[in-house]
Each structure stands twice: as structure tokens, then as C-alpha cells.
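Colleague: only the shape, not the letters, is given here:
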Ligand code: 1CP
């Protein structure tokens, strides 16, 4: 393993680097960057951009060139899995994703590999771009949505605050819902293995809606599928770190870390940092958890919030990150300021 990369070194040794905490930001490639908005216009639709290996590589590299983060996360979206399984997916400007109505009988692997192959090409392009452009300290992250969160969008047909339709199926038609979960476990595993084969050095599972579930459902639909995915990945690639991000899991972060086999955990802003230092850091690498709204506001408030997180977590295995994605109205200058706080 390449020990010039602080994030890979951290996973290998679990030794904190108090002088230079590694950092990156969820949704670091995206709409807050003028160069992203420019390329997005040129590409046409959002999915045209995602499935264009040259352009998607370019977008992945944009924040790295500006800020030199320690991780470059593949530019893609969690909804490419439903798309590759045969559900229609589109992104309506200003409205977010729209998916065609859910019909399990129409889903399958017929065009799966063909649909996702440009994304594997993006991964290998990013790997070359990082080394050609001299970002030898930057680890290359692949990612996928976790089965529960992807199921939420597939059943609801788009975003929602409560994802009630999904819960109604999960609790009321368990057989049908379990079939969907099995399909998502299998397809997500295949997709992540493809990214690792193409050159991803770490993979992250985004379970953005994990916090909507009660304990029993959390165990069935968040812990269990994650554990199965991690097990298969580890059988083939024991040295590739897996980070889980079960946003909003509250006290269930602990059994999530204890039972899934993940190497790192992303914590959202509601998780008390001293609690994470005491209970999670002895078990795995902790990543997080600045409120993205504090990054948007900037100034003294941002400085105080970032310093508290660093102080509370720097004595254990820690990657500085946000607790959720960069908000699109964020001034790119606030990220220079954040970087100056991390590396004075
Ligand atoms: O118009 C545009 O340009 C689309 C905006 C956009 C972007 C930049 C979407 C649509 N997706 C993305 C990229 C993206 N999505 C990345 C890129 C890598 C990075 O820089 O981090 C990643 C990791 C994601 C993951 C993703 N997509 C999640 C999980 C993380 C999270 O934010 O909770 C989720 C829930 C999605 C679905 C999605 N895709 C896009 C939107 C606007 C949404 C959210 C829909 C909603 O629930 O309202």
C-alpha cells in the first residue's frame, strides 16, 4: 500500500497524525464550484456528465486542483444503480432526481455492466490524472449508495422527507421488500468490486436515510445489508478500506460499527464528538462531522466549530470531513479558510 497517502496510512496504522489531520468533503465536486457549473452546462444532462469518463474525471479533479484534499471521490451518483438495473432515472433542474414508477419484475442485470462501464473508465482516468498531476498524497475513493437509501429513491420515485412509501413496503410487504434488498446487495457489491478493480483505493457506502428507521428496521435494512456487502468485498480485497455513513443513526452508530465490519464511519453533525472519540474511535476510523451550514456561514463561527471537532477527535484515528454534503450556495473562499484552519 502507498504510505505517501495520509488516509491510506491512517487505515493501515490507526495512528493519529495530530499535526496534519487528513481531510476531504462530501459533495466536494459539485454546484458550488463555478468550473463545475460550466462543465455541467456543456455536458447537457446530469447523467450525460456522469457517464462521460473524460468529463466525470475532470469534475472529480476540480476540487483537488483548487484545494488539494487528501481524497478524490469519484464523481457519480448513488442513483446509477437503479438506472443500471433498468429503472428510468432523470434529474430535473432545481427539483432533484425523478425515477419511473417502481416495478420489481422489470429490474435485472441485462444492461447492468454495459451501463456502468463508463464509470469504471472514469475511475481509471482519475487514477492516472492524480498521478500525472502530482497529487501523490490524494487517495482515490469510489462509492455507492447503501441498499436502504437507494431503495428509498426507487420506491418513492424521488426525494422525500419521510420516505413513507418505502417504509410501508418494508413493514407491510416484507417479502417483496426483501427481494429488492437482496437485488441491491448483489448489484451494489458488483458495482463496488468493479470500482476497486478499476483503481479505487477506498470505498464509501452512503446510507443518507438510515436515521429514519427504528432499531429493529435499522438492524434489518442498514446493518445486515452493509455487513453482507463488506464481507464479500473483504473476501476479494481485504486491504481496501470501507467507510460507512449511516446518517442520523444516533446511538445505533455503535452497533453499526461493531457489527458491519466497516473500517471507518462517517458521522453526521448531530453526533457528539467526545462520544465518538470515546466509543467509536477505539473501534474504527472516524470521519466528520462539521455542519455544512457552518461552512456556508464562514467566519468566526466556522473557525470555532472546526476547532472543536479537531480538538475532540485528533487523538484518535480521524479524517476531517463535513457531516453531510457541501451546500451549493457555499462560497469557495470559505473552503480556503477552512483549509487554513486545518493547516495553519
Ligand atoms: O444538477 C446537478 O448538477 C446535480 C447535483 C448533483 C451532484 C453534484 C446530484 C444530484 N448528485 C451529485 C453528485 C454526487 N452525489 C456525488 C459526487 C461526489 C462528491 O463530490 O461527493 C455523491 C457522492 C453523491 C451521492 C448522493 N446522491 C447521495 C448520498 C449523499 C447525500 O448527499 O446524502 C444522495 C442521497 C444522492 C441523491 C441525489 N442526487 C442528486 C441530488 C440533488 C440528490 C438528493 C435528492 C434528494 O433527496 O433531495
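Modeller: Yep, it's here. Since the model is a prediction, treat every value here as computed from it, not as a measurement. Residues are numbered from 1 along each chain as shown.
Colleague: next, the residue in the stretch 201-344 of the chain that the ligand sits nearest to: phi, psi?
Modeller: The ligand sits closest to residue 208 of the stretch 201-344 of the chain, with a gap of 3.3 Å, by Cβ to the nearest ligand atom. In short, each C-beta sits where N, CA and C put it, glycine included. Note on residue 208: backbone dihedrals following degrees, to the nearest 10 are phi -60, psi -20.
Colleague: now do the contacts for it.
Modeller: 145, 149, 245, 247, 324 (Cβ atoms under 8 Å, 6 or more residues apart in numbering).
Colleague: I'd like to know how many residues surround the second one.
Modeller: This means residue 149. Number of residues near residue 149 (other Cβ atoms under 10 Å) recorded here: 26.
Colleague: check contacts around it.
Modeller: Per Cβ under 8 Å, 6+ apart, neighbours of residue 149: 78, 206, 207, 208, 209, 210.
Colleague: could you dump those to CSV with pLDDT?
Modeller: What follows is these, written out as CSV (pLDDT from 0 to 100):
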residue, pLDDT
78, 98
206, 98
207, 98
208, 98
209, 98
210, 98
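Colleague: next step: these restricted to strands.
Modeller: Using DSSP state E, 206, 207 are the members of the contacts of residue 149 that sit in strands.
Colleague: does the ligand sit close to stretch 184-199?
Modeller: No - counting by Cβ under 6 Å from any ligand atom, the ligand is not contacted by stretch 184-199; separation bottoms out at 12.3 Å.
Colleague: for that stretch, buried residues please.
Modeller: By neighbour count with 16 or more other Cβ atoms under 10 Å, stretch 184-199 contains the buried residues 184-185, 187-196, 198-199.
Colleague: shaky segments in the protein?
Modeller: 1-3 (pLDDT under 70).
Colleague: which residues touch residue 51?
Modeller: 115, 118, 119.
Colleague: can you list the residues of the chain near the ligand?
Modeller: So far as Cβ under 6 Å from any ligand atom goes, the chain lies against the ligand at 26-31, 40, 46, 73, 75, 77-79, 91, 96-97, 143, 159, 206, 208, 325.
Colleague: which of these count as buried?
Modeller: 26-30, 40, 46, 73, 75, 77-79, 91, 97, 143, 206, 208, 325.
Colleague: so which of those residues belong to helices?
Modeller: 40, 46 (DSSP state H).
Colleague: chain center to the helix or strand residue 37 falls within, what's the gap?
Modeller: Using DSSP states H and E, residue 37 sits in helix 34-43. Distance of helix 34-43 from its chain centroid, counting by Cα atoms, centre = their mean, to the nearest Å, is 22 Å.
Colleague: what does stretch 269-277 give?
Modeller: With Cα atoms, centre = their mean, you get 19 Å for stretch 269-277.
Colleague: related to what we said a few turns ago, what is the nearest of the contacts of residue 149 to residue 292?
Modeller: Comparing the contacts of residue 149 against residue 292 with Cβ to Cβ picks out residue 208 as the nearest, at 13.0 Å.
Colleague: ok, residues contacting stretch 28-43?
Modeller: 46, 49, 52, 55, 58-60, 62-63, 66-67, 69, 73, 75, 325-332.
Colleague: which ones are touching residue 309?
Modeller: 273, 288, 289, 290, 320.
Colleague: give the burial count for the spatially closest residue to the fourth one that is not a sequence neighbour, as a bare number.
Modeller: Leaving aside its sequence neighbours, residue 290 sits nearest to residue 322 (Cβ to Cβ, 6 or more residues apart in numbering; 5.0 Å). Using other Cβ under 10 Å, residue 322 has 27 neighbouring residues.
Colleague: show me the contacts for residue 322.
Modeller: Per Cβ under 8 Å, 6+ apart, neighbours of residue 322: 25, 26, 27, 288, 289, 290, 291, 292, 295.
Colleague: now do the strands in the stretch 151-300 of the chain.
Modeller: 202-207, 242-246, 264-266, 285-290 (DSSP state E, counting those that start in this stretch).
Colleague: turn those into JSON lines, including distance to residue 125.
Modeller: Shown next, in JSON lines, are the strands of the stretch 151-300 of the chain (distance: least, Cβ to Cβ, whole Å):
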{"stretch": "strand 202-207", "distance to residue 125": "17"}
{"stretch": "strand 242-246", "distance to residue 125": "22"}
{"stretch": "strand 264-266", "distance to residue 125": "25"}
{"stretch": "strand 285-290", "distance to residue 125": "25"}
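Colleague: mean neighbour count, these: which tops it?
Modeller: strand 242-246 (a mean of 27; mean count of other Cβ atoms under 10 Å).
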